[in-house]
Every structure is written in C-alpha cells, then in structure tokens.
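Novice: build me a structure from this.
(chains A and B)
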Amino acid sequence: TAGITQAPTSQILAAGRSMTLRCTQDMRHNAMYWYRQDLGLGLRLIHYSNTAGTTGKGEVPDGYSVSRANTDDFPLTLASAVPSQTSVYFCASKPREGYNEQFFGPGTRLTVL
Amino acid sequence: GQQVMQIPQYQHVQEGEDFTTYCNSSTTLSNIQWYKQRPGGHPVFLIQLVKSGEVKKQKRLTFQFGEAKKNSSLHITATQTTDVGTYFCAGVRTGANNLFFGTGTRLTVIP
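Specialist: Okay, the predicted model is just below:
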C-alpha cells in the first residue's frame, strides 16, 4: 500500500507562474488536508476537505485553491506564485470524522524565485 | 495568529539525558496529539490525549494533558540518537475539527 503520494518532490518556480501540487491517497480516507511548513512556524493548514465534493479554508488559504473531485485526489493550485509561497507542502489524510490521527505524505519542497 | 505555542524551539542534549517539550494553547482543546518528524521526513503520529489530566507512556516517552486541557508535555527519558527530530503537538479546539500545530521543538542528541 502506497499510502499518500505527493508530486513533485521538489520544484523551482518563477514568480507569477501557476503550479499544481498533486496528492493522491489509496487508503479511501474521507478527509484530506494541505499544510505548509515554514521554519519557526510549524505546520499551518491551507485548505481541507472532509469528504469528496467539499472543501474548506484553513488558517492560510490566500493564494491557494483546491478541488476534491474524488476520494483519492486532492490537488493544490497556486494560480500566480509569489516568493512568500516558498515552503514545504505536506498533504495529509484521515479516515473519517471522529478519527483524529492524520497520515502525512512525503512533502513537496517548493521554491518561488 | 499562532494558537498553539511550543517551547523550547531547539534543544540539544547529550545522549542519555532527559528531554521535555511543552505545549500551550490559548483556548481549551478537545484533544491533543503529538507527532514526530525526522530530519528530511514527514510528521508521524505518536499519540493522542483526550481526558483532562491524562498521562500516557510509550516506552521512554511520557505524554501529559493538563487539567485545564490547555497545555501538554512530552518527556523523553534517557534520550537516544534515534530520538532526533522535531516534535510537534497539535490540538483540536473544542467544537472544531481541524488541528492547530504547535511550532515544534527540534531535538538534537549528541552521542
């Protein structure tokens, strides 16, 4: 079982360009999350989805959008990247409401120049 | 702003010494979780605490949840080099669903 996969592993992106970070899980988990991790700030929630077809905003949603067309995939899109979006991005999932442990993907390291 | 603060930010210990990290929330939490992230890795769930005053142990690790459900601690006895990494607490506010992660404590163990 692969668990959660993220792609790409790392990327250098020019400011103003768009990019989609991919996240796929094969555990049939209902809930999925996108976090960004910055030194000294821990992990901050960008967007989440409690179930396929629904999404919600987290702590730092500006500049990002998500979609949840099916259970397995939860892509994160940066429409016009800015240098402050340089970060490590983690996708996570959990089986259902009331089950609290989250399972994390390996992360995507994004540098915006 | 950050709702779950964690101290210290960094800790260097000699192998065999004890280590403690503290987590404090500005609001009451329904539960608190602890995660470990190895260097270059991703966060991995360690444990969840739900009850006021709860104490749980995992071998050399002891986790506590405060009586007011606003703070928590992780204590490692006799650290080993395998304990190296960043330890995060993550709380769920009462009435909410999403996790708020602490800022993390990066532990270095000197052999």
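Novice: specify the beta-bridge partners of A:Val88.
Specialist: For A:Val88, the beta-bridge partners under DSSP bridges are A:Gln37, A:Arg109.
Novice: that one: how many residues sit nearby?
Specialist: 16 (other C-beta atoms under 10 Å in any protein chain shown). Placement of C-beta: from N, CA and C, glycine included.
Novice: again, but for A:Thr108
Specialist: 22.
Novice: not counting its neighbours along the chain, what's nearest it?
Specialist: A:Tyr89 (4.7 Å; C-beta to C-beta, 6 or more residues apart in numbering or on different chains).
Novice: also B:Thr81?
Specialist: Among residues not flanking B:Thr81 along the chain, B:Val109 sits closest, at 5.1 Å (C-beta to C-beta, 6+ apart).
Novice: would you mind confirming that B:Gly102 makes contact with A:Gly42?
Specialist: Yes: contact criterion C-beta atoms under 8 Å: B:Gly102 and A:Gly42 qualify, at 5.7 Å.
Novice: for these two, indicate the residue with more neighbours.
Specialist: Set B:Gly102 next to A:Gly42 and count neighbours by other C-beta under 10 Å: B:Gly102 wins out with 27 against 23.
Novice: quick one: name the residues of chain A near chain B.
Specialist: Within chain A, the positions lying close to chain B (C-beta under 8 Å from any C-beta of the partner chain) are A:33, A:35, A:40-45, A:48, A:50, A:58-59, A:90, A:92, A:97, A:100-107.
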